[in-house]
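A.B. asks: Need a 3D model of the following:
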Amino acid sequence: MEMAMIKRLAAGAAVLALVAGLSGCIVVSSSGGQKTVVTNTASAQSSSYADLYAEAVADPKRPAEEVARDPLRHPADILAFAQVAPGDKIADIRPGAGYFSRLFSDVAGPTGRIYAFVPNRTAERENPTADALAAAYPNITRVNGLLDSMTYAEPLDLIFMSQEYHDFHIPSFNTDVAKMNAAVFAALKPGGRYVVIDHQAAPGTGISVVGTLHRIEGDYLRREVEAAGFVFEGESKVVANPADDHSLNVFDAAIRGRTDQFVYRFRKPG
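C.D. replies: Down below sits the predicted model:
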């Protein structure tokens, strides 16, 4: 435990030096055939946390079934892209079994806080799992609320959604997604990150297959989030799968776990 704290402090010192002396990395993304190039000083810090990310992935407390999914989910790459850092205050929206919440907890450390946000609509089913996470990790707290008016006890550094955003367009969720994105914007600190992973739908389909295939077109999602005031910073291709033709339901055994997914990072200006 003491060694982990020393590493976090050392990594933090390294980041301060990097931010003071470097102009940062270039994030290149593409949409609609046009490239977006963003100079991003903060991305310099994620490389200095590589050891912390590796330690989080190697944490023996992680369930074996989650570890078995690592080759497909690329957790260290996702932590780096999300720029998770010691002390971060993070909301994990619908954390499920806690795959990412556990990783966030380890990296954020004792000065950080992870809010496992469970929507009121699914609370009866999902609260017990979130409570178990909070019992096992002292820096995890369960929060319930409405997606389109979510609030937290403090301003956040990161709000994270993995394979959930598309569901909130399904009518039975009774969620105003524009208001949800506005609530995310309000909950973040100036400069805070909004990271979304989801299953890619075919070009031009928008949200038309969210209820049938559980997919959403990435470009459509990006436009919605940008409409809330966010700046699109880039995307990661670590969970992309060009062999997926976007025609199958994500739960179909022929593609489950291997869908073509996009990972987008947005930032609240400031």
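A.B. asks: Buried ones in the helix or strand in which residue 180 is found, by neighbour count?
C.D. replies: Here residue 180, judged by DSSP states H and E, is contained in helix 177-187. By neighbour count with 16 or more other Cβ atoms under 10 Å, helix 177-187 contains the buried residues 177, 180-185, 187. No exception for glycine: its C-beta is placed from N, CA and C like everyone else's.
A.B. asks: got CSV for the residues you listed, with pLDDT and distance to residue 77 too?
C.D. replies: Shown next, in CSV, are these (pLDDT from 0 to 100; distance: Cβ to Cβ, whole Å):
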residue, pLDDT, distance to residue 77
177, 98, 27
180, 98, 26
181, 98, 25
182, 98, 29
183, 98, 28
184, 98, 23
185, 98, 26
187, 98, 25
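A.B. asks: which among these gets closest to residue 204?
C.D. replies: residue 177 (19.0 Å; Cβ to Cβ).
A.B. asks: That closest one reaches residue 168, doesn't it?
C.D. replies: Yes - between residue 177 and residue 168 there is a contact at 5.5 Å, judged by Cβ atoms under 8 Å.
A.B. asks: what residue is smack in the middle of the protein?
C.D. replies: Most central in the chain under Cα atoms, centre = their mean is residue 160, positioned 3.1 Å from the mean C-alpha point.
A.B. asks: if I pick that one, what's in contact with it?
C.D. replies: Residues in contact with residue 160 (Cβ atoms under 8 Å, 6 or more residues apart in numbering) are 82, 90-93, 100, 104, 195-196.
A.B. asks: and if you look at residue 75?
C.D. replies: 53, 56-57, 99-100, 103.
A.B. asks: Could you report the pLDDT at it?
C.D. replies: At residue 75, the model reports a pLDDT of 98.
A.B. asks: go on, residue 41?
C.D. replies: For residue 41, pLDDT reads 42.
A.B. asks: Could you shift the numbering so residue one becomes 45, and keep it that way?
C.D. replies: Sounds good: first residue 45 from here, last item residue 85.
A.B. asks: what helix or strand does residue 276 sit in?
C.D. replies: Short version: residue 276 belongs to strand 275-280, going by DSSP H and E.
A.B. asks: Extract the residue ranges of the stretch 45-194 of the chain that are flagged as low pLDDT.
C.D. replies: Scanning the stretch 45-194 of the chain for pLDDT under 70 picks out 45-91.
A.B. asks: nope, the stretch 195-314 of the chain is what I was after
C.D. replies: Looking at the stretch 195-314 of the chain by pLDDT under 70, you get an empty list.
A.B. asks: what ranges do the strands span in it?
C.D. replies: Taking DSSP state E, counting those that start in this stretch as the test, the strands found in the stretch 195-314 of the chain are 200-206, 232-243, 275-280, 305-311.
A.B. asks: What angle do strand 232-243 and the helix holding residue 224 make with each other?
C.D. replies: 140 degrees (axes from the mean of the first three to the mean of the last three Cα atoms, to 10 degrees).
A.B. asks: any idea of the angle helix 221-231 forms with strand 305-311?
C.D. replies: 50 degrees.
A.B. asks: Need the residues that contact helix 221-231.
C.D. replies: Residues contacting helix 221-231 (Cβ under 8 Å, 6+ apart): 135, 191-196, 199-200, 203, 212-213, 238, 268-269, 271-274, 312.
A.B. asks: could you pull out the helices for the chain?
C.D. replies: Per DSSP state H, the chain carries helices over the ranges 46-65, 87-92, 94-101, 108-111, 114-117, 119-126, 143-152, 167-180, 221-231, 262-271.
A.B. asks: Give me the contacts around the fourth one.
C.D. replies: Contact partners of helix 108-111, identified using Cβ under 8 Å, 6+ apart, comprise 141, 143, 146.
A.B. asks: for the spatially closest residue to the first one that is not a sequence neighbour, what are its contacts?
C.D. replies: The spatially closest residue to residue 141, leaving aside those adjacent along the chain, is residue 173, at 6.1 Å (Cβ to Cβ, 6 or more residues apart in numbering). Remark: with contacts taken as Cβ under 8 Å, 6+ apart, residue 173 is in contact with 139-142.
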